[in-house]
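Colleague: sequence and computational prediction follow.
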Amino acid sequence: MTVLVTGAAGFVGSHLCESLLDDGFEVRGVDSFTEYYGRERKEANLAGLRGRARFRLLEEDLATATLEPLVEDVDVVFHLAGQPGVRGSWGQDFTVYLQRNVLVTQRLLESLRDRPVHKFVYASSSSVYGDAESLPTSETVVPRPLSPYGVTKLAGEHLCELYRKGFAVPTASLRFFTVYGPRQRPDMAFARLVEAATSGQPFPLYGDGSQTRDFTYVADVVSALRRAADSAFTGVANVGGGSRVSMRDVLSIVGELCGRPVATVDMGPQRGDVRHTSADTSLARYGFGYVPRTSLRQGLGAMVEYSQQAVLEGAS
Ligand code: NAD
Ligand code: UGA
């Protein structure tokens, strides 16, 4: 089996590639090393991948690359490349979101129209819901994004549905709910929080800390991606972590794990941030057997351990 993973040097993409290689797949990774965060972090994400016999990384921008050689003889496409980040998607930068999240998705789908690909799995987002009208939120709730980022992720999903229904491309769009774990993107809350806790710096807290998220551990997301690819499921499904926790509660868990309380600096509410998220994952469970396995405390523990190890390795 040969699989294509777009965004292979990213947070989720690099974990997915490791899991696929461990199980003997030929993995063709593609990444353009966008400037969203530093190349050195993406190179570190790739440390467990480079040099492995069945892994090949192509440095290409999917907005302009010739896609035929990339998708040639591929059984499954995991499309994770994109411009992430909810709060930075306002203003001039929206063109980047449009290109990386909408145009690239359309180009990839177009390149698969006449190919016998088994599955195209698209990394969608809980941000498509905005402030959802009911919690936990099922896929039947009408999406009303609160950020331009969410609008582009929803457009990507609609494109998947169009190519699924119009051209029989077997697409599965998975709405990830705030993914965390080792190597999390540096703009995200837990990466900053663990960094703050280990360095003794204050954590920049947005809003009043009572906002909640259905945080999802990265290994659970990898399991959802792989199960969706292996199954007959097509369509749209939520992928959540199994519980809803406030930022205040997360702060105290990280304080306990690190042995000292984490100080905060109040940064005020951020435009585009939703108040609460909570995934109804019944469809993912019935559709492809997805059940989240990692508790928040276990997952945060793994992040703290990874960060402490990195500090030790940096010092030696
Ligand atoms: P990430 O930024 O770490 O990874 C994305 C990768 O895609 C980066 O390495 C980037 O260089 C690459 N990329 C972007 N545009 C590209 C292009 N045009 N051509 C080639 N490569 C390109 O982000 P992540 O957190 O790993 O997220 C992966 C995907 O999952 C994204 O599509 C994101 O929208 C989606 N998602 C993430 C979360 C989360 O909590 N991390 C939640 C919901 C959805
Ligand atoms: C995350 C990802 O960044 C998006 O790419 C993804 O699409 C989205 O999840 C999703 O689930 O769809 P977000 O929920 O904002 O977005 O994740 P974090 O950046 O980890 O933020 C979590 C909470 O912490 C938010 O309430 C945010 O306001 C807060 N936060 C974040 C802070 O208080 N301080 C920070 O420095 C960063």
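Modeller: The structure has been received and is ready for your questions. Ligands and ions are numbered 1, 2, ... in the order given.
Colleague: and the closest residue to Tyr206 other than its chain neighbours, what element?
Modeller: Using C-beta to C-beta, 6 or more residues apart in numbering and skipping residues adjacent in sequence, the residue nearest Tyr206 is Gln270, 4.7 Å away. C-beta coordinates here come from the backbone N, C-alpha and C atoms, glycine included. Using DSSP states H and E, Gln270 maps to neither a helix nor a strand.
Colleague: ignoring the adjacent residues along the chain, who's closest to Arg285?
Modeller: The nearest residue in space to Arg285 (C-beta to C-beta, 6+ apart) is Val291, at 6.0 Å.
Colleague: try Arg144
Modeller: Spatially, and ignoring its direct neighbours in sequence, Arg144 is nearest to Gly130 (4.3 Å; C-beta to C-beta, 6+ apart).
Colleague: that neighbour and Val169, how far apart?
Modeller: Look at Gly130 and Val169: by C-beta to C-beta, to the nearest Å, they are 27 Å apart.
Colleague: ok, these two, which is more surrounded?
Modeller: Legend: neighbour count by other C-beta atoms under 10 Å for Gly130 and Val169, higher for Val169 (24 against 21).
Colleague: for that one, give me the pLDDT.
Modeller: Here, the pLDDT recorded for Val169 equals 98.
Colleague: distance of the residue of the stretch 201-316 of the chain found nearest ligand 1 relative to Gln201?
Modeller: Nearest residue of the stretch 201-316 of the chain to ligand 1: Thr216, at 7.5 Å (C-beta to the nearest ligand atom). Note on Thr216: its distance to Gln201, by C-beta to C-beta, is 26 Å.
Colleague: repeat that for Arg54.
Modeller: Separation of Arg54 from Gln201 (C-beta to C-beta): 41 Å.
Colleague: list phi and psi for the residue of the stretch 201-316 of the chain closest to ligand 1.
Modeller: For Thr216, the backbone dihedrals (degrees, to the nearest 10) come out as phi -130, psi 130.
Colleague: what about the nearest residue to it once chain neighbours are set aside, which SS state?
Modeller: Distances taken as C-beta to C-beta, 6+ apart place Gly241 nearest to Thr216, at 3.7 Å, with adjacent residues excluded. Classification of Gly241 by DSSP: H, G, I helix; E, B strand; the rest coil places it in coil.
Colleague: check contacts around Gly241.
Modeller: For Gly241, the contacting residues are 177-178, 214-217, 220, 279, 292, 294, 296, 299, by C-beta atoms under 8 Å, 6 or more residues apart in numbering.
Colleague: now find how far off-centre stretch 65-72 is within its chain.
Modeller: Mean C-alpha position of stretch 65-72 versus that of the full chain (C-alpha atoms, centre = their mean, to the nearest Å) differs by 23 Å.
Colleague: what residues of that stretch count as buried?
Modeller: Using 16 or more other C-beta atoms under 10 Å as the test for burial, stretch 65-72 gives 65, 67, 70-71.
Colleague: the residue lying closest to Arg56 once chain neighbours are set aside pairs with what?
Modeller: Distance criterion C-beta to C-beta, 6+ apart; nearest residue to Arg56, sequence neighbours excluded, is Arg28 at 5.4 Å. With beta bridges defined as DSSP bridges, Arg28 has these partners: Leu4, Arg56.
Colleague: these two touch, right, Arg28 and Val74?
Modeller: Yes: the criterion here is C-beta atoms under 8 Å, and Arg28 meets it with Val74 at 6.8 Å.
Colleague: so those two - more neighbours on which side?
Modeller: A count of neighbours by other C-beta under 10 Å puts Arg28 above the other of Arg28 and Val74, at 24 against 19.
Colleague: show the pLDDT at that one.
Modeller: We have a pLDDT of 98 for Arg28.
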